[in-house]
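Enquirer: could you work out the structure for the sequence below:
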Amino acid sequence: QSLFAKLKRLSGNTKDVLNFQTLLTDDLREKVLKMRMLPLSTTLDTFPRLVRDIAAACNKSINFVVEGGDTELDKKIIEKIGVPLLHMIRNSLDHGIETPDIRQKAGKPATGTIKLAASYEGGHVLIILSDDGGGIPLRKIKEKALRQKLFDEETLNRMPDQEIINLIFRAGFSTSAAITDISGRGVGMDVVKENIVMQLKGSVQIETAEGKGSSFLIRLPLTLAVMRIL
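Expert: I've put the predicted structure just below:
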């Protein structure tokens, strides 16, 4: 009985040590992760000037809005997300936003708006890049898919709109000859998706309305996977 009591006490002490070690490990991991976090503004601060330069080159008037720049992400994600975001903004500005005269004829303000908003969503960060441009015309995407013989007409007619829109992510779907066909959205979008989905373990979703604009919803993990060493 005395030996049993000693073993029971030893077992209890071992559990206490393990619990304490777990607390220390979790605390260390949390501090390491916190040290890796940076605000999204770290990569966005240069965007307004770049947008102004591109807008001037395109003879367009643009109101570029950034919200949630203080949203924090893993340093590695911050370093990698800048290029895909800038490419998407360039496409929105160059091909999504119409020229002032076309916008006025359509009853829109002469100045177009591109908005980049970031916020927390559960264990992820949601980045929404939206514009009030011409949207992505489904008809033009179908025509392009038919010319490239990706699908026959009957199959395309049965496909949901979202699946048709997602064709712009196919490698080589868009060529220079197709820039005006699908508002340039497909140019390099396969690379954008690869960077966000494959490298950053995120996702990209598109919402669009022809003549009204488009939104790209990007969901990213707060941090890349960190192995529990201890």
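Enquirer: and S215, helix, strand or coil?
Expert: strand (DSSP: H, G, I helix; E, B strand; the rest coil).
Enquirer: for it, which residues make a bridge with it?
Expert: S130, E207 (DSSP bridges).
Enquirer: now do the one 4 residues further on
Expert: Beta-bridge partners recorded for R219 (DSSP bridges): L126, S203.
Enquirer: wait, doesn't I168 sit right on P137?
Expert: No - in this structure, I168 is not within contact of P137 by CB atoms under 8 Å, at 11.4 Å. Bear in mind the C-beta positions are built from the backbone N, C-alpha and C, glycine included.
Enquirer: looking at those two, which one has more neighbours?
Expert: I168 (24 against 16; other CB atoms under 10 Å).
Enquirer: quick one: secondary structure of the more buried one?
Expert: Following three-state DSSP, we place I168 in the helix state.
Enquirer: what does the pLDDT read for it?
Expert: The score at I168 is 87. That number is its pLDDT.
Enquirer: okay, strands next: where are they in this structure?
Expert: For the chain, the strands defined by DSSP state E cover 37-39, 62-67, 72-74, 112-121, 124-131, 203-209, 213-221.
Enquirer: turn these into CSV, including distance to L146, mean neighbour count and mean pLDDT.
Expert: Formatted as CSV, the strands of the chain follow (distance: least, CB to CB, whole Å; neighbours: other CB atoms under 10 Å; pLDDT from 0 to 100):
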stretch, distance to L146, mean neighbour count, mean pLDDT
strand 37-39, 45, 16, 88
strand 62-67, 34, 16, 94
strand 72-74, 40, 23, 88
strand 112-121, 31, 18, 94
strand 124-131, 27, 21, 94
strand 203-209, 20, 16, 92
strand 213-221, 22, 21, 94
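Enquirer: including distance to D45, could the ones you listed go into a markdown table?
Expert: Converted to a markdown table, those look like this (distance: least, CB to CB, whole Å):
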| stretch | distance to D45 |
| --- | --- |
| strand 37-39 | 10 |
| strand 62-67 | 9 |
| strand 72-74 | 15 |
| strand 112-121 | 12 |
| strand 124-131 | 16 |
| strand 203-209 | 23 |
| strand 213-221 | 19 |
